[in-house]
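Asker: Turn this into a structure:
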Amino acid sequence: MWRDLSIEFPEINKEISFQSFKQEYDNRDKQQNANTAYEWKDKYHRLLESHNEILKMNMNLKEEIRNLENELKNLKRKKI
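Answerer: Here you go, the predicted structure:
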């Protein structure tokens, strides 16, 4: 939200003008902004990889449970 409130609140001009604030913001180190974006992208990517690994393990465990349940059923049938 970039709105110059100095018209409604002239006392703001005494502290810092809207234009100087916007210029300062726009002139921030673009490399720093790119690095920050890369760091968040990297963190998100690692999180997705971890999530996918957990999903794979969950699927494998469910399959193992199904196999064990079937084996148990077969053992019970043989016993009878």
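
Asker: how about the helices in this structure?
Answerer: Counting by DSSP state H, the segments of the chain that form helices are 12-15, 18-26, 30-79.

Asker: what is the mean pLDDT for the first one?
Answerer: What that stands for is helix 12-15. Helix 12-15 carries an average pLDDT of 59.

Asker: Rebuild the helices of the chain as CSV, extending it with mean neighbour count.
Answerer: Quick note: C-beta positions are derived from backbone N, CA and C, even for glycine. Below are the helices of the chain laid out as CSV (neighbours: other C-beta atoms under 10 Å):
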stretch, mean neighbour count
helix 12-15, 11
helix 18-26, 11
helix 30-79, 10
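
Asker: quick one: which of these has the weakest pLDDT on average?
Answerer: Lowest mean pLDDT within the helices of the chain: helix 12-15, a mean of 59.

Asker: quick one: residue 46 and residue 52, what's the gap?
Answerer: Look at residue 46 and residue 52: by C-beta to C-beta, to the nearest Å, they are 11 Å apart.

Asker: cool, and residue 26?
Answerer: Separation of residue 26 from residue 52 (C-beta to C-beta): 38 Å.

Asker: repeat for residue 44
Answerer: Taking C-beta to C-beta, one finds residue 44 at 13 Å from residue 52.

Asker: again, but for residue 32
Answerer: To residue 52, residue 32 is 31 Å away according to C-beta to C-beta.

Asker: What of residue 71?
Answerer: Taken as C-beta to C-beta, the spacing of residue 71 relative to residue 52 amounts to 29 Å.

Asker: what do you get for residue 60?
Answerer: Taken as C-beta to C-beta, the span from residue 60 to residue 52 is 13 Å.

Asker: and what of residue 28?
Answerer: Per C-beta to C-beta, residue 28 is found 35 Å from residue 52.
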